[in-house]
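**Student:** quick one, fold the following:
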Amino acid sequence: LMAAPDVPLDVDDGLTLAQLMGQREGLTYNDILVLPGYIDFPPEVVQLKSRFSRNIQLNTPFVSSPMDTVTEVNMAVKMALLGGIGVVHNNCDAAEQASIVHKVKKFRNGFIPDPVTLPPTATVREVNNLVKELGFTGFPVTEDGKLGSKLLGLVTSKETDYVEDEDVTLRDVMTAKDLTVGREGIALPEANAIMRRTKLGKLPIVNADFCLVSLTSRVDLKLTRDYPNSTKDKDDRLLVAAAVGTRDDDRERVDLLVRAGVDAIVIDSSQGNSSFQVEMIRYIKAQHPHVDVVAGNVVTQRQAKTLIDAGADGIRVGMGSGSICITQEVMACGRPQGTAVYRVSQYCRRRGVPVIADGGISNTGHIIKACLLGADCAMMGSMLAGTTESPGNFFYDSSGVRVKAYRGMGSIEAMMKKGAQSGKRYFSDEQNIKVAQGVSGTVVDKGSIQELLPYLVKGLQHSCQDIGVRSLQEARDQASDGVIRFERRTNAAQVEGGIHGLHSYKKRLYSSGPGES
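**Tutor:** All right, here's what the predicted structure looks like:
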């Protein structure tokens, strides 16, 4: 049988990126759809390397937002281990933020850098409550209940299970004699061997003064795996960034962060096109030229030009598009995120400066769209809030759902926090009446980013396969050159492209293993 005779294609099947965005309308990610390409490769070959700033490359395009309900030690460590980078929030005093950065830089895979510790005055009742809340049963006991103070003992379920009086203090029940410990600098295989030999579930790591510096756990060792995509510096330490404001006292914060080993400074402002930010960029580049500076936030090319001219190594794009942000509503300023990313990226690409899409990311489709519009990586807040690694405790809401608190840094709650710096981000730190540009809420328990980020990686790889590109850089280039085609989605098309027509359904985005039901 002969194939049907060939006929010419419609050359205008779909829109180029320039045509799509040239209509001078404000578009969001949901307004855009990518037309599929040709598949001749498996998804596993797709490369996701992306630039965070002029001198920092990530192995995955994922950045955690500098929010006090998103990024502290545990999030920053896991983000770097999984190929991205965490930006430590600055809604705390400078010493605390620098300490978080220091812990990330000191982290070694398999060691818990910030274990939950208790003082000897804590009660068995408190231990039992922590076990219910956190799901593990062993806690080091230190003089003041904090990391870095003298280790006094260890309390596990073995010591507490048969204690009838829950008001008994840990001083009376903990194991304190002949403690088995590892010394600071111990290698992971050696720590593993000690636990195997002694059949211990926890191994405290102490320094020369017997002060607790970290902890290893049999459960964590069993789960420990190699992280081939870790983002590390030249000394094989994890990469970490940190946020600062633009006030004069933030210069001291910058100096502390640099001494702690920070790899990049992210200047955190809802409207970055200001003399304050220009002066801060110039200060950092003059005093610490080896540290990259990511500036923003911006949504126009003119804003980006001001910051790049001042020396910025990366530009953060987004104003009012986050799920907890009400800047557009309150200030009437901002821009739909799809258009903002495209317009700013068009300029930054010509200047050789990477773009971070910040806000409006709620699924893998949004991440690939941000990259096709020109972004180098995506900053996520709500997607990572509610994970095990995000700060805060889980609790059950009135309907029995397990949740965590999540709030915008422009919310009244964030600005009124003791030692808060977030008011500076919105230029309201010295005002008696604070104007909120964010809200507070809760997000459901998402589990660990140990499972979430690999799902995002797989999702991006499959998306690139459908589009017909073998890397995110190829995707950006082909979108810019008009090879990849797009479609504008009507409201009806968006409904059609989502789940519809069902009486009920259960949406599961990924499975962590064959044993799941």
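**Student:** longest helix anywhere in this structure?
**Tutor:** The residue-count maximum for a helix in the chain (DSSP state H) belongs to helix 449-467.
**Student:** packing partners of that one?
**Tutor:** helix 73-81, helix 364-372, helix 472-481 (3 or more CB pairs under 8 Å, 6 or more residues apart in numbering; DSSP states H and E). For the C-beta atoms, the positions are set from N, CA and C on the backbone; glycine is no exception.
**Student:** alpha carbons of the second one, as PDB, please.
**Tutor:** Translated: helix 364-372. Only the C-alpha atoms of helix 364-372 are listed here, as PDB (Å, rounded to 0.1, in the frame of the first residue of the first chain):
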ATOM      1  CA  THR A 364       5.000  21.100  37.000                       C
ATOM      2  CA  GLY A 365       3.300  22.600  34.000                       C
ATOM      3  CA  HIS A 366       3.800  26.100  35.500                       C
ATOM      4  CA  ILE A 367       7.500  25.400  35.900                       C
ATOM      5  CA  ILE A 368       8.100  24.300  32.300                       C
ATOM      6  CA  LYS A 369       6.000  27.200  31.100                       C
ATOM      7  CA  ALA A 370       8.100  29.600  33.100                       C
ATOM      8  CA  CYS A 371      11.200  28.200  31.600                       C
ATOM      9  CA  LEU A 372       9.800  28.400  28.000                       C
END
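**Student:** can you list the low-confidence ranges for the stretch 101-250 of the chain?
**Tutor:** 109, 134-135, 219-226 (pLDDT under 70).
**Student:** go again with 80.
**Tutor:** By pLDDT under 80, the low-scoring segments of the stretch 101-250 of the chain are 108-114, 132-137, 217-226, 236.
**Student:** the strands in it, which residues?
**Tutor:** Counting by DSSP state E, counting those that start in this stretch, the stretch 101-250 of the chain has strands at residues 139-142, 151-155, 182-183, 202-206, 212-217, 241-244.
**Student:** for residue 335, which non-adjacent residue is spatially closest?
**Tutor:** Of all residues beyond its chain neighbours, the one nearest residue 335 is residue 299 (3.9 Å), with distances taken as CB to CB, 6 or more residues apart in numbering.
**Student:** list the contacts of the one you found.
**Tutor:** Going by CB atoms under 8 Å, 6 or more residues apart in numbering, residue 299 touches 317, 318, 319, 334, 335, 340, 343, 344.
**Student:** lowest-confidence entry in these?
**Tutor:** The member of the contacts of residue 299 with the lowest pLDDT is residue 334, at 85.
**Student:** mind checking the SS state of that residue?
**Tutor:** Three-state assignment for residue 334 (DSSP: H, G, I helix; E, B strand; the rest coil): coil.
**Student:** got a list of what it touches?
**Tutor:** 299, 319, 320, 321, 327, 328, 340.
**Student:** quick one: neighbours of the fifth one, just the number.
**Tutor:** Counted with other CB atoms under 10 Å, residues neighbouring residue 327 total 24.
**Student:** now do the second one
**Tutor:** Burial measure for residue 319: 27 neighbouring residues, criterion other CB under 10 Å.
**Student:** element containing it, please.
**Tutor:** Assessed by DSSP states H and E, residue 319 sits outside every helix and strand.
**Student:** burial count for residue 447?
**Tutor:** Using other CB under 10 Å, residue 447 has 14 neighbouring residues.
**Student:** how close does it get to residue 377?
**Tutor:** Per CB to CB, to the nearest Å, residue 447 is found 23 Å from residue 377.
**Student:** now swap in residue 132 and tell me
**Tutor:** 38 Å.
**Student:** repeat for residue 390
**Tutor:** Counting by CB to CB, the gap from residue 390 to residue 377 is 19 Å.
**Student:** more neighbours: which of these two?
**Tutor:** Each of residue 390 and residue 377 has its neighbours counted (other CB under 10 Å); residue 377 has more, 28 against 25.
**Student:** check contacts around the residue nearest to that one when sequence neighbours are not counted.
**Tutor:** Spatial nearest neighbour of residue 377, chain neighbours left out: residue 61 (3.8 Å); criterion: CB to CB, 6+ apart. Going by CB under 8 Å, 6+ apart, residue 61 touches 48, 50, 84, 367, 371, 375, 376, 377, 378, 460, 472.
**Student:** can you lay out those residues as a markdown table showing pLDDT?
**Tutor:** Putting the contacts of residue 61 into a markdown table (pLDDT from 0 to 100) gives the following:
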| residue | pLDDT |
| --- | --- |
| 48 | 97 |
| 50 | 97 |
| 84 | 97 |
| 367 | 97 |
| 371 | 97 |
| 375 | 98 |
| 376 | 98 |
| 377 | 97 |
| 378 | 97 |
| 460 | 97 |
| 472 | 97 |
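**Student:** out of these, flag the one nearest to residue 176.
**Tutor:** Nearest to residue 176 among the contacts of residue 61 is residue 84, at 40.9 Å by CB to CB.
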